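Engineer: can't give you the sequence, but here's the structure:
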Ligand SMILES: [Zn+2]
Ligand SMILES: [Zn+2]
Ligand SMILES: [Zn+2]
Ligand SMILES: [Zn+2]
């Protein structure tokens, strides 16, 4: 079984890459740059431009962080490239040795740079060494596309992703905080094929993704429905949702807090944080013939009263 074909491999690759250096150049504030250059900079040339170029690894062009290495002739190199060049300086081909470039490390310490998501609204300015860490957790960083049916590398803010889901993935959009959904599958024995669905709900001025997926839990195929909030985890905690599925006088009810789309749908699925329906139960709910899967899932989203201590831990319900 190849469940990966169903995955939305919304990896962060490429997102946390260092941005083109012109962003640094534009904003960089270097204390004492003129002193470093030994004189006032030439007219028209920003001293910060050259500093930022100095801090770019000449091999991989990423920003260099300590330890920054150099060869006997002074060519610099980031520590990850150093491990790959077999002790040869990539610039002059001389033996590399094990020399730290402490002067450049000191220069880096003095830099303050804006978050690379400043164009998305982040006002933060950070010391060179903590900028990277901030950016990996910045609230303004783009979201990955929440679509789970195929690999999709699109990223963006929420309004952009809502449009993208509607136009490019043809996702159903609903307005309102209650829903009543029918999932039909003609051959319920097939779990491997993409038995998943995504519907987007718009209420309270926010967007929510309702996922319905089939997967193998141990040896047994199961169905799972869960909600994700299109926004950050702190905002997700302001909402609750319930899901119900049933027939013939039996009913399963799930009540939970939507997960942020910062958590991949696979992560949510693997933590079992949603309504899980065993296949026998699903077939029972589908009616008498057991030939077709026909599940009616009803649900509701509501706003939670503020309670500051809730939601500190994200459940992982698997043992
Ligand atoms: Zn490098
Ligand atoms: Zn060299
Ligand atoms: Zn930021
Ligand atoms: Zn997408």
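Structural biologist: In hand now; what should we look at? All figures in this text were calculated on a predicted structure; none of them were measured in a lab. Ligands and ions are numbered 1, 2, ... in the order given.
Engineer: Tell me, how many residues neighbour the one residue in the stretch 151-300 of the chain that gets nearest to ligand 1?
Structural biologist: For the stretch 151-300 of the chain and ligand 1, the shortest gap (CB to the ion) falls at residue 153, measuring 23.9 Å. All C-beta atoms are positioned from the backbone trio N, CA, C, and that covers glycine. By the criterion of other CB atoms under 10 Å, residue 153 has 13 neighbours.
Engineer: how about the strands in the stretch 151-300 of the chain?
Structural biologist: Under the criterion DSSP state E, counting those that start in this stretch, the stretch 151-300 of the chain contains strands at 155-156, 172-175, 178-185, 196-203, 206-217, 220-229, 239-247, 250-256, 259-260, 275-278, 293-303.
Engineer: how about those strands in a markdown table, adding mean neighbour count?
Structural biologist: Below are those laid out as a markdown table (neighbours: other CB atoms under 10 Å):
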| stretch | mean neighbour count |
| --- | --- |
| strand 155-156 | 16 |
| strand 172-175 | 12 |
| strand 178-185 | 14 |
| strand 196-203 | 19 |
| strand 206-217 | 21 |
| strand 220-229 | 22 |
| strand 239-247 | 19 |
| strand 250-256 | 14 |
| strand 259-260 | 22 |
| strand 275-278 | 20 |
| strand 293-303 | 18 |
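Engineer: Compare those strands and report which one is nearest to residue 121.
Structural biologist: strand 155-156 (13.0 Å; CB to CB).
Engineer: Give me the contacts around the closest one.
Structural biologist: Residues outside strand 155-156 that contact it (CB atoms under 8 Å, 6 or more residues apart in numbering) are 15, 142-145, 164.
Engineer: Check the residues you listed for burial and list the buried ones.
Structural biologist: Using 16 or more other CB atoms under 10 Å as the burial test, the contacts of strand 155-156 include 142-145, 164 as buried.
Engineer: Which one of those residues is nearest to ligand 4?
Structural biologist: The shortest approach to ligand 4 among the buried ones among the contacts of strand 155-156 belongs to residue 145, at 3.1 Å (CB to the ion).
Engineer: for ligand 3, what are the nearby residues on this protein?
Structural biologist: Residues of the chain found near ligand 3 (CB under 5 Å from the ion) are 115, 117, 122, 124, 138.
Engineer: Correct me if wrong: the residue of the stretch 151-300 of the chain closest to ligand 1 contacts residue 164.
Structural biologist: No - counting by CB atoms under 8 Å, residue 153 stays clear of residue 164, with 11.4 Å between them.
Engineer: low-confidence ranges in this structure?
Structural biologist: Scanning the chain for pLDDT under 70 picks out 1-49, 149-150, 188-195, 288, 290, 306-319.
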